[in-house]
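1. Quick one: sequence and predicted model below, then my questions.
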Amino acid sequence: MAQKNQSLGEFIIENQSEFQYSSGELSRLINSIRLAAKMVNHEVNKAGLVDITGSAGDINTQGEDQQKLDVFANNVFIQTLTNRQIVCGIASEENEDFITISGSDKNHQSKYVVLIDPLDGSSNIDVNVSVGTIFSIYRRVTPAGQPVQLEDFLQPGNKQVAAGYIVYGTSTMLVYTTGHGVNGFTLNPALGTYYLSHPNMTYPENGSIYSVNEGNYIQFPQGIKDYIKYCQKEEEDRPYTSRYIGSLVSDLHRNMIKGGIYMYPSTSKTPNGKLRLLYECNPMAFIAEQANGKASDGYKRILDIKPTALHERVPFICGSRKMVEKAEEFMAAQKS
Ligand code: AHG
Ligand code: MN
Ligand code: MN
């Protein structure tokens, strides 16, 4: 049973048996993510003091400007997971191709692949606004003993065995699920230990916050425009307010605690939206569903989408169940 103030290390060991294929491997994997997140946290906290803010001068695989911290976080997560040899493959938002890890025995015996957005919301670093990390874990589908294949990564989100995020905010939190609810741990920086501060996190069934980049309003599908107008209508039973940080992890974290909806819909310029199915939407959708929330592309469940490419994007609507259902109603009404 989740016990408040329990350390993450104790929690992982205690709950290992809940996991269907428990062999300790998944626990070790989450432990490594915990360690890498501490290293990134340390660097994020120094931003402004050391030469870590700003652009790294490179463009990533999706044509986006890479920040120095994007590169740093990517290296830390990849190195930590590779050194500990507990995964057979890693796919990162920052790398064009997936990485194959053979393990110490060179036998490719590890069972898990990790997909990661090492630094989410990176354009916010230079202005001291919260950023995050998102991770997603699957069991490989090809047989162990050989290098991982693309199909090990292109699994629908409903096959995830664990997912989580770290928010480097006013405090640093690690929130994750292994399919048995969602628990949040806060880092005590003096001790370097995460403690269970938010046991059994759940979305309020309904909420009053809507989060969307309204600068793109003119390009949104009519259903989303109609839903936004519905939120803005001046009626007493619709006390909506708008909050948008521009850091997916932070926006979703706030909405899970307070109740709200996050939307990154398609736009006329970007028909699939901006967010990446494998590194951002699937892990966040798994967490949302485990927390009694809902995640949709406007019409169907995010977790049932069969990915076709590592870096594919998808429109994303996620949050309190009733709010997402209402947005879907507006989308359905406009579907021709
Ligand atoms: P990343 O920094 O990993 O590229 O992700 C940025 C994403 C996400 O965090 C955020 O919700 C969204 O981009 C904001 O996009 P806009 O600036 O277009 O609103
Ligand atoms: Mn991101
Ligand atoms: Mn990123």
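-> It's in. Ligands and ions are numbered 1, 2, ... in the order given.

2. tell me the contacts of residue 56?
-> 66, 67, 68, 70, 71 (C-beta atoms under 8 Å, 6 or more residues apart in numbering). For the C-beta atoms, the positions are set from N, CA and C on the backbone; glycine is no exception.

3. Report whether the expected contact of the fourth one with residue 118 is present.
-> Yes. The pair residue 70 and residue 118 passes the contact test of C-beta atoms under 8 Å, sitting 6.6 Å apart.

4. returning to what we had before: quick one: which of the contacts of residue 56 is the most crowded by neighbours?
-> Counting neighbours by other C-beta atoms under 10 Å, residue 70 leads the contacts of residue 56 with 26 neighbours.

5. How many neighbouring residues does the residue of the stretch 201-336 of the chain found nearest ligand 2 have?
-> Of all residues in the stretch 201-336 of the chain, the one sitting closest to ligand 2 is residue 280 (5.1 Å; C-beta to the ion). Residue 280: 26 surrounding residues under other C-beta under 10 Å.

6. Okay, it and ligand 3: tell me how far apart.
-> From residue 280 across to ligand 3, the span is 8 Å (C-beta to the ion, to the nearest Å).

7. Which pLDDT value belongs to that residue?
-> We have a pLDDT of 98 for residue 280.

8. Wasn't it part of a helix?
-> Yes. Residue state for residue 280 (DSSP: H, G, I helix; E, B strand; the rest coil) corresponds to a helix.

9. Let me know whether it touches residue 134 as I believe.
-> Yes. The criterion here is C-beta under 8 Å, and residue 280 meets it with residue 134 at 5.8 Å.

10. Need the residues touching each of these two.
-> Residues touching both residue 280 and residue 134 (C-beta under 8 Å, 6+ apart): 117, 120, 248.

11. Against ligand 2, which of those make the cut? List them.
-> Restricting the shared contacts of residue 280 and residue 134 to those touching ligand 2 (C-beta under 5 Å from the ion) yields 117, 120.

12. got a list of what the residue in the chain that ligand 2 sits nearest to touches?
-> Ligand 2 sits closest to residue 120 of the chain, with a gap of 3.4 Å, by C-beta to the ion. Counting by C-beta under 8 Å, 6+ apart, residue 120 touches 131, 132, 133, 134, 165, 247, 248, 249, 280.

13. Below-threshold pLDDT in the stretch 1-150 of the chain: ranges please.
-> 1, 18-23, 50, 52, 61, 63, 65-66 (pLDDT under 70).

14. Show me what from it comes close to ligand 1.
-> Contact residues, the stretch 1-150 of the chain versus ligand 1 (C-beta under 6 Å from any ligand atom): 64, 93, 117, 120, 121, 122.

15. what about the residue nearest to the spatial centre of the chain, is that helix, strand or coil?
-> In the chain, the residue lying closest to the centroid (C-alpha atoms, centre = their mean) is residue 134, at 3.6 Å. Put simply, residue 134 is strand when judged by three-state DSSP.

16. what do you get for residue 152?
-> helix.

17. quick one, what contacts the residue nearest to it when sequence neighbours are not counted?
-> For residue 152, ignoring the flanking residues on the chain, the nearest one in space by C-beta to C-beta, 6 or more residues apart in numbering is residue 140 at 4.3 Å. Taking C-beta under 8 Å, 6+ apart as the criterion, residue 140 is in contact with 88, 89, 111, 112, 113, 148, 152.

18. Could you give me the PyMOL syntax to select whichever of those are buried?
-> Those of the contacts of residue 140 that count as buried under 16 or more other C-beta atoms under 10 Å are selected in PyMOL with:
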select buried, resi 88+89+111+112+113+148+152
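
19. possible to save the contacts of residue 140 as JSON lines with secondary structure?
-> As requested, the contacts of residue 140 are arranged in JSON lines below (three-state DSSP):
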{"residue": "88", "secondary structure": "coil"}
{"residue": "89", "secondary structure": "strand"}
{"residue": "111", "secondary structure": "coil"}
{"residue": "112", "secondary structure": "strand"}
{"residue": "113", "secondary structure": "strand"}
{"residue": "148", "secondary structure": "coil"}
{"residue": "152", "secondary structure": "helix"}
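
20. Which of the contacts of residue 140 sits closest to ligand 1?
-> Of all those, residue 113 has the smallest distance to ligand 1: 19.4 Å, by C-beta to the nearest ligand atom.

21. Tell me which residues touch the closest one, please.
-> Contacts of residue 113 by C-beta under 8 Å, 6+ apart are 87-91, 98, 137-140, 148, 152-153.

22. next one: residue 246
-> Applying C-beta under 8 Å, 6+ apart to residue 246 gives the contacts 121, 123, 124, 129, 213.

23. Can you tell me which of those is closest to residue 253?
-> residue 121 (11.1 Å; C-beta to C-beta).
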